[in-house]
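In: What follows is a predicted protein model with its sequence.
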Amino acid sequence: MIAVENLNVFFGHGQTRNHAVKDVGFTVEKGESFGLVGESGSGKSTVLNCISGLLTHWKGRIEIDGVRLMQTRNMAFCRKVQMVFQDPYGSLHPRHTIDRTLKEPVKIHRLGDANNRVARVLDDVGLGAKFRFRFPHQLSGGQRQRVAVARALILDPEIILLDEPTSALDVSIQAEVLNLLQDIRREKNLTYILVSHDLAVVSHMCNRLLVMNRGKTVETITRNQLKSGAISEKYTTQLLVAGKGYDRTAIDQFQDFR
Amino acid sequence: MMTHKALKTGGMGEWLLADTPDSAFQAWAGRAYLGLMAFMKNRLAVLGLLIIAILIIIAVLAPVIAPYDPVETNIGNRLQPLSFTHYFGTDEMGRDIFSRIVWGSRLTLYVIGLVAIIAAPVGILVGTVAGYFGGIIDTMLMRITDIFLAFPKLILALAFVSALGPGIENAIIAISITSWPPYARIARAETITIRNSDFIKAVKLQGASALRIIAGHIMPLCLPSLIIRVTLDMAGIILTAAGLGFLGLGAQPPSPEWGAMTSSGRTYIIDHWWLITMPGTAIFIVSLAFNLLGDGLREVLDPRSDN
């Protein structure tokens, strides 16, 4: 359903030019949940922003349903691909009620029947009608992230791009939101691309994942490989160890992969 | 169980402060109510608002309040001191100063109202468009703004009035032309901090047009700081209008404009102090009231003091 080939992104010019994404490529099947994993600065979010169209100066080939995407996107693309952001405190307009935030996409696409759509989608993400006319500051982080998911769902997209959707939340809330995302994907047969630095989250959510380091592809592995530890690349092993928590002896052995 | 507060304010307070509002209007009203409560805590700001409210009432009821015609001259009755027949005395043409100040409040409100209506929207529009699009549009709009900012305000107003001819309408146009650039700068600075936030990215990904994003998502967040700035500028606008009046370039005689009154009274300042003191005090009180109100609004509306 999604195919990315030879994706390259540069930031800056001349001396300060930074090759942020180097020849990255992968494919995602319909209904699949695909993970992009790496440390901060590995370029994983940049890849996501290229697909979403927030970044326009990329080179390479991005296809959705066999149709090559241009740098600027049309309204049909917006209905097909939606995104959930990392920080639930920054992704909702502070002066708009939840109702207004959710009605906005319906108005933009002139879909009509806004009231029922909002009620339905709030129900889908497990928020009742009582949250509808609140402002974002009257909600908790987890509730805000549910609203962000609801906003992505209201246009009935086929693909949802998830940019670290739980890394700003408490551990207990993380599981709730992840389970919600899993349930919604199964129910609506959605395709996910999930960006995360947390291998535990990715192995919970995704059947395949791409490990990135300094803008380059390290390897593509399956969930089973990750669980059985059948990993060929040293970098991935190191990331796996790092994800298990702080261990002085382990960290002393870490190498800098370039 | 009803709390003490709910009992005191009755069902209305409960409705306003409901944790789970039933409609967008209720949510909005609750928010406005909380803002009002915060505003009421600032005594000086309430005083400022009260003075402005009184000014508006005086302006509306001028024909009822003023005991004499503000422009009718009576040479035989000139330069009378303060008395119960003429509360603030009479001027060099025998006109009742109290009546002139009461009628003059209309001119003052007319000037500041029109300047705010013209300058604030121009400023916010230029600022948000420049800030949102960036690049060449930003550079062009901001250089134009810089040109206007580079002129001393009163001098530029003087030049415009001299070109257009003296009169209160031209004074308003001149003041408006010189007072929008700071608003554009504020709106641009706010827009630049807002435009890269996730909620703007999200609405972009939903396919919103630039117009929708600027008008519906960015402008509401720029508005509070703009309202504060405009309120604080009101005092300056009154003074500029009075200054133009003083120089004979604003309202023309015999219209009872406060600045023009101080101007014509200045020749009598030694022997007949009330001619210049009364309109001067009126200008001072109203300017002070707007400054106090602006400070109070800053505390309520400033987005950084939210939550």
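Out: That came through, no problem.
In: Going along the chain, name the strands of the stretch 51-200 of chain A.
Out: Counting by DSSP state E, counting those that start in this stretch, one finds strands in the stretch 51-200 of chain A at the ranges A:58-64, A:67-68, A:81-84, A:159-163, A:191-196.
In: For the chain, just list every one of the helices.
Out: Defaulting to chain A. Along chain A, counting by DSSP state H, helices occupy A:44-52, A:75-80, A:98-108, A:114-124, A:141-153, A:171-188, A:199-205, A:223-228, A:234-242, A:248-252.
In: The intended chain is chain B.
Out: With DSSP H as the criterion, chain B has helices at B:4-16, B:24-40, B:43-60, B:62-65, B:97-133, B:135-150, B:153-164, B:168-195, B:198-205, B:210-212, B:219-246, B:258-265, B:274-301.
In: Around chain A, pick out the residues from chain B.
Out: Residues of chain B found near chain A (C-beta under 8 Å from any C-beta of the partner chain) are B:19-24, B:26-28, B:31, B:197-199, B:201-209, B:212, B:216-217, B:220-221, B:303, B:306-307. The way it works is simple: take the backbone N, C-alpha and C, and place the C-beta from them, glycine included.
In: Now restrict the residues you listed to buried residues only.
Out: Neighbour-count burial (16 or more other C-beta atoms under 10 Å in any protein chain shown) is assigned, among those, to B:21, B:24, B:26-27, B:31, B:197-199, B:201-208, B:212, B:216-217, B:221.
In: Quick one: mean pLDDT over stretch A:135-150.
Out: Averaging pLDDT along stretch A:135-150 yields 92.
In: Over to stretch A:88-108?
Out: Rounded mean pLDDT across stretch A:88-108 is 92.
In: mind checking how far it is from the chain centre?
Out: Distance of stretch A:88-108 from the chain centroid (C-alpha atoms, centre = their mean, to the nearest Å) equals 19 Å.
In: Can you tell me the closest non-neighbouring residue to the residue in the stretch 51-200 of chain B positioned nearest to chain A?
Out: As assessed by C-beta to the nearest C-beta, chain A sits closest to residue B:198 within the stretch 51-200 of chain B, at 3.8 Å. Nearest non-adjacent residue to residue B:198, counting by C-beta to C-beta, 6 or more residues apart in numbering or on different chains: residue A:91, 3.8 Å away.
In: low-scoring stretches of chain A, by residue?
Out: For chain A, applying pLDDT under 70 flags the ranges A:258.
In: which bits of it sit near chain B?
Out: Within chain A, the positions lying close to chain B (C-beta under 8 Å from any C-beta) are A:52-54, A:74-75, A:78-79, A:81-83, A:85-87, A:90-97, A:99-100, A:104-105, A:108-109, A:130-131, A:133-135, A:137-138, A:148, A:151, A:155.
In: Could you pick out the buried ones from the residues you listed?
Out: So, by 16+ other C-beta under 10 Å, the buried ones in the residues of chain A next to chain B are A:52-54, A:78-79, A:81-83, A:85-87, A:90-97, A:99-100, A:104-105, A:108-109, A:131, A:133-135, A:138, A:148, A:151, A:155.
In: tell me, what residue is most central in chain A?
Out: residue A:162 (1.8 Å; C-alpha atoms, centre = their mean).
In: Looking at strand pairing, list the partners for that residue.
Out: Judged by DSSP bridges, the bridge partners of residue A:162 are residue A:84, residue A:194.
In: rewinding a little: looking at the helices of chain B, spot the one closest to residue A:244.
Out: Nearest to residue A:244, of all the helices of chain B, is helix B:198-205, at 30.2 Å by C-beta to C-beta.
In: what's the angle between that closest one and helix A:141-153?
Out: Angle, helix B:198-205 to helix A:141-153, by axes from the mean of the first three to the mean of the last three C-alpha atoms, to 10 degrees: 10 degrees.
In: helices or strands next to helix B:198-205 in the packing?
Out: Identification of packing neighbours for helix B:198-205 by 3 or more C-beta pairs under 8 Å, 6 or more residues apart in numbering or on different chains; DSSP states H and E yields strand A:81-84.
In: and if we set it to 10 Å?
Out: Under the contact criterion of 3 or more C-beta pairs under 10 Å, 6 or more residues apart in numbering or on different chains; DSSP states H and E, helix B:198-205 touches helix A:44-52, helix A:75-80, strand A:81-84, helix A:98-108, helix A:141-153, strand A:159-163, helix B:168-195, helix B:210-212.
In: any idea of the angle that helix forms with helix B:219-246?
Out: Using the same axes, to 10 degrees, the direction of helix B:198-205 lies 110 degrees away from that of helix B:219-246.
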